[in-house]
Every structure is written in structure tokens, then in C-alpha cells.
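# Build me a model from this:
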Amino acid sequence: MTTGRASSKQAAAGPSVPAAISRRKVFAGAGTAGALAAAVALLPRKQAEAPPGPRAGAGAAAGDGYQLTEHVKRYYRTARV
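Predicted structure coming up:
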């Protein structure tokens, strides 16, 4: 006889009542989102290619590395203790 009552309660709730989200699912979703964000942050980024030719103000061929320019020499002179 209790089956009639249980089925009437289920029928009263109806199919339009959404199921409650459990805490476990919320934390699992947050952990997944965090892991995806970390993975995206660690992926290598494609760098924009530099236009061919000498760099503006470089005065030397690209890829020569560190250049001791007048500006740098002036800085070193003023930074002496």
C-alpha cells in the first residue's frame, strides 16, 4: 500500500523539478576547470614573426645579441657609486 503513496509523491513533484547538484559534482567541475586553465597557461605560445630586415635602431644585423650602445654606456657612467 505504500507504493501508491510513493508514486503519488513522485507524480506531484513532476518531471519539471530539476535535480539538485551535489557538492561533489561542483568541486569536481571546479577542479576540472582549474586543471584546464593551468594546462592552457603552460602551453607554448606562437610568437609573432619579426619583419625581415634590420631592426629599427639596432645598427647591427639581427641576432647579434647584446649591443653596448652609447645609451647603455651613459647609463653605466651615471650609475657608478
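# Which strands or helices does the longest helix seen in the chain pack on?
In the chain, taking DSSP state H as the definition, the longest helix is helix 23-42. The helices and strands touching helix 23-42, judged by 3 or more C-beta pairs under 8 Å, 6 or more residues apart in numbering; DSSP states H and E, number zero. Bear in mind the C-beta positions are built from the backbone N, C-alpha and C, glycine included.
# going on from it, what's the next piece of helix or strand?
Reading on from helix 23-42 to the C-terminus, the next helix or strand found by DSSP states H and E is helix 70-78.
# Remind me what that following helix packs against, helices and strands.
With 3+ C-beta pairs under 8 Å, 6+ apart as the test, helix 70-78 has no helix or strand packed against it.
# got a list of contacts for it?
Residues from elsewhere that reach helix 70-78 (C-beta atoms under 8 Å, 6 or more residues apart in numbering): none.
# one step back: what does the longest helix of the chain rub up against?
Contacts of helix 23-42 (C-beta under 8 Å, 6+ apart): none.
# cutoff 10 Å now
21, 22 (C-beta atoms under 10 Å, 6 or more residues apart in numbering).
# How confident was the prediction at residue 21?
Looking at residue 21, its pLDDT is 79.
# what's the burial count for it?
Close neighbours of residue 21, defined as other C-beta atoms under 10 Å, add up to 9.
# cool, residue 41 as well?
Neighbour number of residue 41 under other C-beta under 10 Å is 8.
# What pLDDT does the model give it?
Residue 41 is given a pLDDT of 89.
# quick one: it and residue 28, what's the gap?
In this view, residue 41 and residue 28 are 21 Å apart by C-beta to C-beta, to the nearest Å.
# now residue 75
54 Å.
# where in this structure is pLDDT low?
1-18, 47-64 (pLDDT under 70).
# Repeat the analysis, applying 90 as the threshold.
Within the chain, the stretches with pLDDT under 90 are 1-22, 40-68, 72, 79-81.
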